[in-house]
Structures are given as structure tokens and as C-alpha cells.
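Novice: Predicted model and sequence follow; I will ask about them next.
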Amino acid sequence: MVFTDEPVVKMSNACVFQGINTILKELNFSIAKGEFVFLIGRTGSGKSSLLKTLYADLPLIMGEGEIAGYSLNGIKSKQVPFLRRKLGIVFQDFQLFPDRTVAENLYFVMRATGWKDKTKMKSRMIEVLMGVGLGGAATKFPHQLSGGEQQRVVIARALLNEPSILLADEPTGNLDPEVSDGIFRLFQEINKRGTAILMATHNYDLLKKYPYRILKCENGSLLDSTSTDISLKTVFS
């Protein structure tokens, strides 16, 4: 494996669109390997649209963008699954198949991303579940798990292909504070093992407690705490 100092995300003069509407303009930022970054902003400010652009659910029409070694400019649909093998995506609403066990949910993703060896698949499935504290949950269905446990399954799913970055869209938004703290600590553990994290959040307490870099969507622009003094007082109003 070749290691480089290239950032895992790099956007240059990029614009984020929803249809013909410009959501964010003149984006210039990068995220280093192993960095932890919060993404904040009011509802509708462009956080989810930015994340969708990064995992190629929305096309990058203007500017330059690269993530995990893949150019987002004109990426073809057949290349998107290969890009997403390099990413981990964590959604607020879990998006687990309710009629399949935890193991079957994970195997589905593994088959979709090119895994074929059943022994290796089983070993990796057990490994990621153990890593999120759910070693005994493989045969359970989502409805048999709490919200926090379901989110841990989602994180395990996102880690299957050893991604260079996790993109998390409000991962603790539907969870109570105590469970949210446990999920956040899990993200920190993953980050300490070398995976970069870009986490969209409305959790003001996290921002006050942890001095990670902040990207803030505001009035069609993206502010960066490394170069701008970002006020948190009006973010969530």
C-alpha cells in the first residue's frame, strides 16, 4: 500500500447544486487524512447537499472536487460504487433492511462492493460488529435493537471496506443524550485509528466540548474555523 500526504478531500472553487439552484458557492477546503471535522449550519443551509456531492449522489457541476483519490468531476455512474467503497456513509435514519438480520444487512453491502470469499466476509462481519460493541447481534433483526444499537450497526456497515473517511449526516440526531455520547465516543475511537471523519451535527454540546475544526454552511458560503472566527450562537436557531 502506498501512503501519501494528499488530503482525503479537496474542493477548489466548487459549487453545490440542487437541480438548477445553487446551494453553496466557491467552496475551497481540504480535509487531511485522519482529521475530525464538524459540519454545521441551520436546517436547509446545505450540509446534506454537500455530503451528497462528496459521495456522488449529487453531481459536481462547477469547480474541482476530489475525495479518496476519485475525481468528482464528471464521475460516471459505473464508477460511483468503486468510489463508495473508499467511503463510509452514516445516515441519521439508519436505512437498514428491516426484514434481514444484522449479518444479512452487512453481507448485502459486502456483496454489492465486490466481496466474494464467504470465509473472509464472515470474518470481516464479525470484526466490525465486535469493533462497535455488538459482537452478539449478528442474528438479530433491526426491530430487536435499540436506536443506539441500530446506529452502531450502521457504523459497522460503513467500516466494512476500511474507508479513508466517514461521512456522517446527523448520526446522533434521533438518539437520546446518553446514547448520543456513546456513539460519538465510538466515532472518536474510529478517528484515532486513522479514519478521517466529516460529521454534520446540530449538537451544540459537542461543539463546545470538543475543539475539532468546524466547517459552517452560512448564506450560501462555507466558513472554516481555521481561517474564520465562527460564531455558534446563531447556528441552531
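Specialist: Structure's in. What do you need? Residues are numbered from 1 along each chain as shown.

Novice: So which residues of the chain form helices?
Specialist: Counting by DSSP state H, the chain has these helices, from start to end: 47-54, 80-85, 102-112, 118-131, 147-159, 177-192, 204-209.

Novice: closest to T228 out of those helices?
Specialist: In terms of C-beta to C-beta, the element of the helices of the chain nearest to T228 is helix 204-209, at 14.8 Å. Any C-beta I mention is one placed from the backbone N, CA and C, and that applies to glycine too.

Novice: Which strands and helices lie in contact with the closest one?
Specialist: Using 3 or more C-beta pairs under 8 Å, 6 or more residues apart in numbering; DSSP states H and E, the elements in contact with helix 204-209 are strand 36-40.

Novice: quick one: strands adjacent to the strand it packs on?
Specialist: If you go by DSSP bridges, strand 36-40 pairs up with strand 196-200 (parallel), strand 213-218 (parallel).

Novice: List of residues touching the first one?
Specialist: When contacts are taken as C-beta atoms under 8 Å, 6 or more residues apart in numbering, the neighbours of strand 196-200 outside the stretch itself are 8-9, 31-40, 47-48, 51, 54, 164-171, 187, 190-191, 215.

Novice: What residues does E64 make contact with?
Specialist: The neighbours of E64, taking C-beta under 8 Å, 6+ apart as the test, are K10, M11, S12, N13, A14, S71, N73.

Novice: Farthest-apart pair in these, please.
Specialist: Distance extremes for the contacts of E64: the farthest pair is N13 and S71 at 14.3 Å, using C-beta to C-beta.

Novice: so what's the residue sitting nearest the centre point of the chain up against?
Specialist: Relative to the mean C-alpha position of the chain, the nearest C-alpha, by C-alpha atoms, centre = their mean, is the one of L167, at 1.3 Å. With contacts defined as C-beta under 8 Å, 6+ apart, L167 is in contact with L51, L54, Y55, L87, G88, I89, V90, L198.

Novice: What is the burial count for the first one?
Specialist: To tie it back to what came earlier, the one meant is L51. When counting by other C-beta atoms under 10 Å, one arrives at 22 neighbours for L51.

Novice: And the last one, by the same measure?
Specialist: The burial metric for L198, expressed as a neighbour count using other C-beta under 10 Å, is 24.

Novice: one step back: among the helices of the chain, which is nearest A138?
Specialist: Taking C-beta to C-beta, helix 102-112 is the member of these nearest to A138, at 4.2 Å.

Novice: quick revisit: mind putting the helices of the chain in CSV, mean pLDDT and distance to E66 included?
Specialist: CSV is the format used below for the helices of the chain (pLDDT from 0 to 100; distance: least, C-beta to C-beta, whole Å):
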stretch, mean pLDDT, distance to E66
helix 47-54, 94, 10
helix 80-85, 87, 10
helix 102-112, 94, 23
helix 118-131, 95, 27
helix 147-159, 92, 20
helix 177-192, 89, 21
helix 204-209, 86, 27
